[in-house]
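Visitor: What follows is a protein structure lacking sequence information:
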């Protein structure tokens, strides 16, 4: 492959890859397509919509357009994956981009291993990591610091909690996967008792207790940390990175819209020890917040799959967690590589919206915003060697904005 990094010389990239799945609003799949496609891997993304920008990537070999949504049963999904395997005609590396699919792959691993190569932990571990209540008790059991939390089963429980709570409080969905197709917010900050009860009642209307009320760790600026790593079948960490969220979308509670790679040995040690103890295998993405009140890094989320910000973490030789997984699952040695401190990565449209909010809340100036972009090496959507997905994303955003304006105008008249 032309311009292939020297660290990969002699590697075999003939095994194809299946991505489950690339969705319209997500850039995770696109990042995987580009990361492996640039090495010469044939990448087959399962795409949810013909509007998905990933389908236009020059590195996408073939497109599958199934109707997979929240109503799709696990059995139907497995049947479809077997059809994909038959179409490709040989074993491929399977990569999940969503928690719900990570659970399916783990739960049906015996069937899928007949046609796919993948790294994933046991189903119970994956299920607990995807579930905020499961994660809380798993972290507590293994002495990993976490924010205090309550898991109410009714409005009475929530009201009792609110009477002694110190506001603001973070309200989270315990299991994000069950929110697909429902008009509910995954994570939000509630400022008082009245707001807490109001928001909790929205979840109760949908007939299931799926809310965690969590202590709010003060946002002190630049104290949200990330860990990315890949663990082999023996739970050995073959590659790891740490970094900070400089801005988030949504602000304060969301994913990284602008991140920087920075070494944090404490976060790295906590993560590797925890995942080794629970016998984790596969790619993982973990969020922490540093609590200045007690000097502890507290675990917030664990994604047992490829994380949204994985392309922030690229070593000097070009290794990332997806490439490490590919080499390991195809029976090849994963080369050593070193992080690039100061490397930045951005989600272009999300960061622009977040910057405006930071301007309103904290007085972020244009000059400060421009200065913060120095060191950006890669964007979630834009790539000079693969521009079409970025253009498709821009056109989609413009189209949606025009539609919103038309609807607002109609409502006024």
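Guide: Yes, it's here. Here the structure is a predicted model, which means the values were calculated and not measured. Residues are numbered from 1 along each chain as shown.

Visitor: phi, psi of residue 267?
Guide: Main-chain torsions, residue 267, degrees, to the nearest 10: phi -60, psi -40.

Visitor: Kindly report the same for the one 5 residues further on.
Guide: Residue 272 has phi and psi values of phi -60, psi -40 when expressed as degrees, to the nearest 10.

Visitor: Could you check the pLDDT of it?
Guide: What the model reports as pLDDT for residue 272 is 98.

Visitor: can you pull out the helices in the stretch 201-350 of the chain?
Guide: Taking DSSP state H, counting those that start in this stretch as the criterion, the stretch 201-350 of the chain carries its helices at 265-277, 321-329, 348-362.

Visitor: Can you name the element that comes right after the host helix or strand of residue 105?
Guide: Assigned by DSSP states H and E, residue 105 belongs to helix 99-107. Using DSSP H and E, the next helix or strand after helix 99-107 towards the C-terminus is helix 109-112.

Visitor: Could you tell me the average pLDDT over that following helix, please?
Guide: When pLDDT is averaged over helix 109-112, the result is 97.

Visitor: what's in contact with it?
Guide: With contacts defined as CB atoms under 8 Å, 6 or more residues apart in numbering, helix 109-112 is touched by 78, 81-82, 94, 105, 118, 120, 123. Just so you know, the C-beta spots here come from the backbone N, C-alpha and C atoms, and that holds for glycine as well.

Visitor: what does stretch 353-365 give?
Guide: Taking CB under 8 Å, 6+ apart as the rule, stretch 353-365 contacts 247-251, 257-258, 369.

Visitor: What residues of the helix holding residue 105 count as buried?
Guide: 99-107 (16 or more other CB atoms under 10 Å).

Visitor: Stretch 239-255: how far from the chain's middle?
Guide: Stretch 239-255 has its C-alpha centroid displaced from the chain centroid by 10 Å (CA atoms, centre = their mean, to the nearest Å).

Visitor: Do you have the strands of the stretch 201-350 of the chain handy? List them.
Guide: For the stretch 201-350 of the chain, the strands defined by DSSP state E, counting those that start in this stretch cover 211-215, 224-231, 237-249, 255-261, 282-291, 296-303, 344-346.

Visitor: helices or strands up against the fourth one?
Guide: Counting by 3 or more CB pairs under 8 Å, 6 or more residues apart in numbering; DSSP states H and E, the packing neighbours recorded for strand 255-261 are strand 224-231, strand 237-249, strand 344-346, helix 348-362.

Visitor: The longest one vs strand 237-249, what angle?
Guide: For helix 348-362 against strand 237-249, the angle between stretch directions is 60 degrees (axes from the mean of the first three to the mean of the last three CA atoms, to 10 degrees).

Visitor: Could you give me the buried positions within the helix or strand that helix 348-362 is followed by?
Guide: Sequence-wise, the next helix or strand downstream of helix 348-362 (DSSP H and E) is helix 366-372. Burial within helix 366-372, assessed by neighbour count using 16+ other CB under 10 Å, is assigned to 369, 372.

Visitor: about what we covered before: who's in contact with the helix holding residue 105?
Guide: 20-21, 74, 77-78, 94, 96, 112, 118, 120-123, 126-127, 130, 176-177, 180, 303-305.

Visitor: Quick check: the gap between the closest residue to residue 377 other than its chain neighbours and residue 262.
Guide: The spatially closest residue to residue 377, leaving aside those adjacent along the chain, is residue 343, at 5.2 Å (CB to CB, 6 or more residues apart in numbering). According to CB to CB, to the nearest Å, residue 343 and residue 262 sit 9 Å apart.

Visitor: go on, residue 151?
Guide: For residue 151, the distance to residue 262 - CB to CB - is 33 Å.

Visitor: got it, and residue 328?
Guide: With distances taken as CB to CB, residue 328 is found 26 Å from residue 262.

Visitor: So between those two, which is more surrounded?
Guide: residue 328 (23 against 17; other CB atoms under 10 Å).

Visitor: returning to what we had before: of all the buried residues of helix 99-107, which comes closest to residue 68?
Guide: Checking those against residue 68 by CB to CB gives residue 101 as the nearest, at 8.9 Å.

Visitor: Residue 347 contacts residue 379, doesn't it?
Guide: Yes: between residue 347 and residue 379 there is a contact at 7.5 Å, judged by CB atoms under 8 Å.

Visitor: Looking at these two now, which is surrounded by more residues?
Guide: Set side by side, residue 347 and residue 379 show more neighbours around residue 347, with 23 against 17, by other CB under 10 Å.

Visitor: now the more buried one: how far from residue 23?
Guide: 15 Å.

Visitor: Please apply the same query to residue 246.
Guide: According to CB to CB, residue 246 stands 25 Å off from residue 23.

Visitor: Repeat that for residue 173.
Guide: 18 Å.

Visitor: Tell me which of those two has more neighbours.
Guide: When neighbours are counted by other CB under 10 Å, residue 173 and residue 23 differ, and residue 173 comes out ahead with 20 against 17.

Visitor: Tell me the bridge partners for the more buried one.
Guide: Taking DSSP bridges as the rule, residue 173 bridges to residue 211.

Visitor: how's the chain carved up into domains?
Guide: For the chain, automatic domain parsing gives the domain ranges 12-118, 148-215, 223-381.

Visitor: Make CSV out of those and add distance to residue 395.
Guide: Below are the domains of the chain laid out as CSV (distance: least, CB to CB, whole Å):
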stretch, distance to residue 395
domain 12-118, 9
domain 148-215, 26
domain 223-381, 12
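
Visitor: and those domains, which one's lowest on average pLDDT?
Guide: Looking at the domains of the chain, the weakest mean confidence is domain 148-215, a mean of 84.

Visitor: so how far is it from its chain's centroid?
Guide: Distance, stretch centre to chain centre, for domain 148-215: 22 Å (CA atoms, centre = their mean).

Visitor: Do me a favour and get the end-to-end distance for it?
Guide: Terminal residues of domain 148-215 lie 5 Å apart, using CA to CA, to the nearest Å.

Visitor: picking up where we left off before, ok, and which of the strands of the stretch 201-350 of the chain has the densest surroundings?
Guide: Ranked by mean neighbour count under mean count of other CB atoms under 10 Å, the strands of the stretch 201-350 of the chain are led by strand 224-231, which reaches a mean of 26.

Visitor: Noted, bye for now.
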